[in-house]
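Asker: Pasting a predicted model and its sequence here:
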Amino acid sequence: MNQLTRDLLDGPGPFLLVPDAVLLPEGPAEGTAVVVRDGSFLAVGDAARIRRAHAHLDPVRLPGHLLMPGFVDAHHHLAQTFGSALAYGEPSEIFRRVWVPLEGALDEESAYTAAKLAALEALRGGFTTVTDAGNRTGVDVDVVASAARDAGIRCVLGLICDDAGPDGSGSGDPRSGAAERAEKHLARYDGDPLVHASLAVSVPEAATTATLRRTARLAAEAGATVQIHVNEHLAGVERSLVRHGLRPLEHLYEIGALGPHLLAAHATLLTPRELTLLADTGTAVSYNPVASAWKGNAVAPATTLAERGIRFGLGTDGTRGDGFRLTEAAEFAQRIAYGLATGDSSCGAGWTWLDHATRGGADAVGLGARTGAVAEGLAADFLLVDVTTPELALSWDLPWELVRRGNRDQIDAVFVAGRLRMWRGLPIGWDGSALVRRAVGLARAAVERAPITRAHPTSAAARARNTARGAGLGAGQGAGLGSAQGSGRGAAR
């Protein structure tokens, strides 16, 4: 696509777009055109028919391009972007040592900048929707909403409603303010074109039973979601067993908190009974494969979720904002964790992961009636992908190729609500480079003042330490030390 095409697409519309192919819910379709008007898909279908029906529109031909739904990130922490690299090589449950201290060190400017930086990375990676699980910065959550709006990305915005102490104690009294804040948050973004309110509880033990029930009821009544990290780590499962005699998901079921309104983040440690609870209640899951690889205890059984008809989307957990790499990680993690042991060479057949990265993800986060597919009446959240690259030009099975060989460099354009938001990696209407420069300074200051504790040194420090050890041991005695990271507590930097 040339500059003229870019200028046409940056206009107000309506547009009649004629790409080489469109990725529909049933698969890639050639000879298909779409009409975008007022932020939505007005028409999708046979190109000749669409052109006749909309003869007043000049077709915008997009040779060599696939038009496909934008990716939906079903689990993110937008305010944690400044510390993303602090998670490398760290053990599970780093939220206690890294994320909570870091968020507590952010003010309004740094929280806004961190969230907008996350949105920029997400858009560059083809995400048109991000689902924020709430933050503990202490600043108004509308700061994150403003960052998402200004970046031009759709955002499911969580408000954390924790009200219990480390031992599970808490008033659970509606007069404590948690319920009032939740109700105001749900009403605050009613009708907002890009921001959709959600409630959140960090982990089940962070809220009293009364609050867990109340947030579930409020979200269900509002048609919104409650986001809770559930069955993510062994430590969390064990705490729940000690406190309640039940695993976290079982506890939520026991108190009546499961249902279509609940988005269970991670859910990596599931028993057969818990799978049945998810299926029977219509509860959704965010499957976060990169997070499992970087800091998890296990990989969620996503192929089993798909087979059981359990709703789920794919989430980054703030690891990296590349939709194609996320779908590849989703398939790869299933193949390593489950497929190899059972001889499952198909492992989702490619399309499974594209589906759950788009419309399945939209459904999981409560936006299935609004976005996630190229279909008439849905929001025009879509990508234009160059399929003439060496990775995709020799196409025999496009869904598989997008999963295995797609990457964000092939995304020429990103549209959210019918507006061009990203062109060849650069945002439209604002200076992404200036934002990155500002983020660097703010991030350094925030990390320096945050009481962050790492379990391991940085990779460079670990290498220097191990090199010194190897030299001290003498020839032939230092084998294997180069791969060890070492242990010990230390500052973030």
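Answerer: Looks like it arrived, so ask away.
Asker: wait, what's in contact with the closest residue to Leu262 other than its chain neighbours?
Answerer: Excluding its sequence neighbours, the residue lying closest to Leu262 (Cβ to Cβ, 6 or more residues apart in numbering) is Thr283, at 4.8 Å. C-beta: built from backbone N, CA, C; applies to glycine. Thr283 sits next to 258-260, 262, 264, 277, 310-311 when contact means Cβ atoms under 8 Å, 6 or more residues apart in numbering.
Asker: Kindly report the same for Ser198.
Answerer: Taking Cβ under 8 Å, 6+ apart, we find Ser198 in contact with 131-132, 156-159, 219, 224-227, 263, 365-366.
Asker: now, among the residues you listed, which is nearest to Ala464?
Answerer: Comparing the contacts of Ser198 against Ala464 with Cβ to Cβ places Asp132 closest, at 37.4 Å.
Asker: Leaving out chain neighbours, which residue sits closest to the closest one?
Answerer: Per Cβ to Cβ, 6+ apart, closest to Asp132 is Leu78, 4.7 Å.
Asker: I figured that neighbour was touching Ala114, is that so?
Answerer: Yes: using Cβ atoms under 8 Å, Leu78 makes contact with Ala114 at a distance of 6.9 Å.
Asker: how close does the closest residue in space to Leu326 that isn't next to it in sequence get to Ala115?
Answerer: Distance criterion Cβ to Cβ, 6+ apart; nearest residue to Leu326, sequence neighbours excluded, is Leu314 at 5.4 Å. Here Leu314 is placed at a distance of 21 Å from Ala115 (Cβ to Cβ, to the nearest Å).
Asker: so what pLDDT did the residue minimising distance to the centre of the chain get?
Answerer: The chain has Asp73 as the residue nearest its centroid, 2.7 Å off, counting by Cα atoms, centre = their mean. pLDDT recorded at Asp73 is 98.
Asker: so which strand or helix has it?
Answerer: strand 71-76 (DSSP states H and E).
Asker: Direction included, what does that strand pair up with?
Answerer: Sheet pairing of strand 71-76 (DSSP bridges) gives strand 127-132 (parallel).
Asker: pLDDT (mean, whole number) over whichever strand or helix holds Glu250?
Answerer: Assigned by DSSP H and E, Glu250 falls within helix 248-254. For helix 248-254, the mean per-residue pLDDT is 98.
Asker: picking up where we left off before, compare the contacts of Thr283 and tell me which is most surrounded.
Answerer: Most neighbours among these, by other Cβ atoms under 10 Å: Ala264, with 29 neighbours.
Asker: and that residue, which of the three is it?
Answerer: strand (DSSP: H, G, I helix; E, B strand; the rest coil).
Asker: how much space between the residue nearest to Asp132 and Ile411?
Answerer: Distance of Leu78 to Ile411, computed by Cβ to Cβ: 20 Å.
Asker: Those two: which is more packed in?
Answerer: Taking neighbours as other Cβ under 10 Å, Leu78 and Ile411 compare with Leu78 leading, 30 against 26.
Asker: For the stretch 101-250 of the chain, give me the ranges with low pLDDT.
Answerer: Residue ranges of the stretch 101-250 of the chain with pLDDT under 70: 165-176.
Asker: And the strands in it?
Answerer: Secondary structure of the stretch 101-250 of the chain (DSSP state E, counting those that start in this stretch): strands at 127-132, 154-160, 195-201, 226-230.
Asker: Please parse this protein into its domains.
Answerer: Listed by automatic domain parsing, the domain ranges of the chain are 3-68+374-427, 71-373, 458-493.
Asker: I figured the residue nearest to Leu326 hits Ala330, correct?
Answerer: Yes: counting by Cβ under 8 Å, Ala330 is a contact partner of Leu314 at 5.3 Å.
Asker: list the residues that contact both of these two?
Answerer: By Cβ under 8 Å, 6+ apart, the residues touching both Leu314 and Ala330 are 287, 289, 353, 356-357.
Asker: Separate out the buried members of those residues.
Answerer: By neighbour count, with 16 or more other Cβ atoms under 10 Å, those hold 287, 289, 353, 356-357 as buried.
Asker: Need those residues in JSON lines (columns: distance to Val36 and secondary structure).
Answerer: JSON lines is the format used below for these (distance: Cβ to Cβ, whole Å; DSSP: H, G, I helix; E, B strand; the rest coil):
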{"residue": "Tyr287", "distance to Val36": "30", "secondary structure": "strand"}
{"residue": "Pro289", "distance to Val36": "32", "secondary structure": "helix"}
{"residue": "Trp353", "distance to Val36": "26", "secondary structure": "helix"}
{"residue": "His356", "distance to Val36": "25", "secondary structure": "helix"}
{"residue": "Ala357", "distance to Val36": "21", "secondary structure": "helix"}
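Asker: my read: Arg438 touches Thr113, true?
Answerer: Yes: counting by Cβ under 8 Å, Arg438 does reach Thr113; the two are 5.8 Å apart.
Asker: Of those two, which one has the most company?
Answerer: A count of neighbours by other Cβ under 10 Å puts Thr113 above the other of Arg438 and Thr113, at 25 against 16.
Asker: wait, what's in contact with that one?
Answerer: 147, 435, 438-439, 442.
Asker: count of residues packed around the spatially closest residue to Gly366 that is not a sequence neighbour?
Answerer: Nearest non-adjacent residue to Gly366, counting by Cβ to Cβ, 6+ apart: Thr225, 4.4 Å away. Neighbourhood size, Thr225 [other Cβ under 10 Å]: 26.
Asker: What separation is there between Thr225 and Leu252?
Answerer: Note on Thr225: its distance to Leu252, by Cβ to Cβ, is 14 Å.
Asker: which residues do these two both contact?
Answerer: Between them, Thr225 and Leu252 share the contacting residues Leu262, judged by Cβ under 8 Å, 6+ apart.
Asker: Could you double-check that Ala151 lies in contact with Ile428?
Answerer: No: look at Ala151 against Ile428 with Cβ under 8 Å: they stay out of range, at 10.4 Å.
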